[in-house]
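Chemist: Need coordinates for the below:
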Amino acid sequence: MDSAIDWHTARAMLEWQAEMGVDEAILSAPVDRFAAEEEARAKAEAAAAMPKPGQAPVRVAEPKIDPIEDAVKAAKNAADLPALQQAMADYPHCPLKKGARNLVFADGVAGAKVMLIGEAPGRDEDLQGKPFVGRAGQLLDKMLAAIDLSRDTNAYITNVLPWRPPQNRDPKPEEIAMMLPFLQRHIALANPELIVIVGNISCQALMGKRGISRLRGQWAQAEGRPAMPMFHPAYLLRNQAAKRESWSDLLEIKAKLEGLG
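Modeler: Numbers count the residues shown, from 1 in each chain. Presented below is the predicted three-dimensional model:
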């Protein structure tokens, strides 16, 4: 059966609807007129913001980001060591992060009386994600064992920087500055009774001084705690004669620990 409506019938139906007061067509789905107005307004504003022919585009100033301020906030918000490690992993501003394989956070026993702070990871540390695991780390373990310390039982180890600098170069001052808030928070959370500052870069970060040959062997203060600067084990591998001085420093550390009880 043909259901098509002829022209005359269709016209008669429309005239009847008009007589009944129907003056607009209704869609099969509702239309949000408010949203349509918002969309039209947004398009009009975008069109108004577009530069006219021959007019220079309007530059919108980007908010200035302070990497150190961001580091301070991120470190402060870390309630414990796992949260601090995650905050460091999420921190986007340090360029060393892009070239490193792993974030080198720490090794040893958190909460130990002794916290050793080195400079930055090397190749072996970057590969394994732990501080002091190469030749220098093996020497450090022997040095600690000589005064009854071990990362397995009663020592905690970290670095000033968690990422390896390219070609093992010295960290730049701006890299140290942006990671220092994390180190300070790390010390506060680990809460050691004394700190061993290993190497020149660590002295610069924690004491604001360089010249490890002059600073080593003398008790100082770092983050409100007794601190002993020492030669870096990598330096001792190249300068065997300096091991005698390092042994003296180790004995000072042992005596200090015995005094602390």
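Chemist: contacting residues around the residue lying closest to I212 once chain neighbours are set aside?
Modeler: Distances taken as Cβ to Cβ, 6 or more residues apart in numbering place N200 nearest to I212, at 4.7 Å, with adjacent residues excluded. For the C-beta atoms, the positions are set from N, CA and C on the backbone; glycine is no exception. Neighbouring residues of N200 by Cβ atoms under 8 Å, 6 or more residues apart in numbering: 119, 210-212, 232.
Chemist: Mind checking which of those land in helices?
Modeler: I212 (DSSP state H).
Chemist: which among the contacts of N200 end up buried?
Modeler: Neighbour-count burial (16 or more other Cβ atoms under 10 Å) is assigned, among the contacts of N200, to 119, 212, 232.
Chemist: how far away is the first one from A222?
Modeler: Applying Cβ to Cβ, to the nearest Å, the value for E119 to A222 is 14 Å.
Chemist: Equivalent analysis for the last one, please.
Modeler: The spacing between H232 and A222, counted by Cβ to Cβ, is 16 Å.
Chemist: Near the nearest residue to A146 once chain neighbours are set aside, how many other residues are there?
Modeler: Closest residue to A146 apart from its sequence neighbours, by Cβ to Cβ, 6+ apart: L250 at 6.2 Å. Burial measure for L250: 18 neighbouring residues, criterion other Cβ atoms under 10 Å.
Chemist: any idea where the strands of the stretch 51-200 of the chain begin and end?
Modeler: 107-108, 114-118, 155-159, 194-198 (DSSP state E, counting those that start in this stretch).
Chemist: The third one pairs with which strands, and in what direction?
Modeler: Meaning strand 155-159. Each strand paired with strand 155-159, and its direction, by DSSP bridges: strand 107-108 (antiparallel), strand 114-118 (parallel).
Chemist: And the first one, how far out from the chain middle?
Modeler: Distance of strand 107-108 from its chain centroid, counting by Cα atoms, centre = their mean, to the nearest Å, is 19 Å.
Chemist: List of residues touching that strand?
Modeler: Defining contact as Cβ under 8 Å, 6+ apart, one finds that strand 107-108 is touched by 130-133, 151-152, 155-158.
Chemist: Now that strand: average pLDDT?
Modeler: Computed over strand 107-108, the mean pLDDT rounds to 98.
Chemist: Repeat that for stretch 238-258.
Modeler: Stretch 238-258 comes out at a mean pLDDT of 96.
Chemist: Send me that stretch as CSV with only the CA atoms.
Modeler: Taking C-alpha atoms only, stretch 238-258 is exported to CSV below (Å, rounded to 0.1, in the frame of the first residue of the first chain):
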residue,chain,number,x,y,z
ARG,A,238,93.4,7.8,42.4
ASN,A,239,95.4,9.0,45.4
GLN,A,240,96.4,6.1,47.6
ALA,A,241,98.4,8.4,50.0
ALA,A,242,95.2,10.1,51.1
LYS,A,243,93.8,6.9,52.6
ARG,A,244,95.7,7.6,55.8
GLU,A,245,93.8,10.8,56.3
SER,A,246,90.5,9.1,55.6
TRP,A,247,91.3,6.4,58.2
SER,A,248,91.8,9.2,60.7
ASP,A,249,88.4,10.6,59.7
LEU,A,250,86.8,7.2,60.1
LEU,A,251,88.2,6.9,63.6
GLU,A,252,86.7,10.4,64.4
ILE,A,253,83.3,9.2,63.2
LYS,A,254,83.6,6.0,65.3
ALA,A,255,84.4,7.9,68.4
LYS,A,256,81.5,10.3,67.8
LEU,A,257,79.1,7.5,67.5
GLU,A,258,80.3,5.8,70.7
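Chemist: How about the contacts made by the closest residue to I195 other than its chain neighbours?
Modeler: Of all residues not flanking I195 in the chain, A227 sits nearest, at 4.3 Å (Cβ to Cβ, 6+ apart). Each residue near A227 by Cβ under 8 Å, 6+ apart is listed here: 194-197, 206-207, 219-221.
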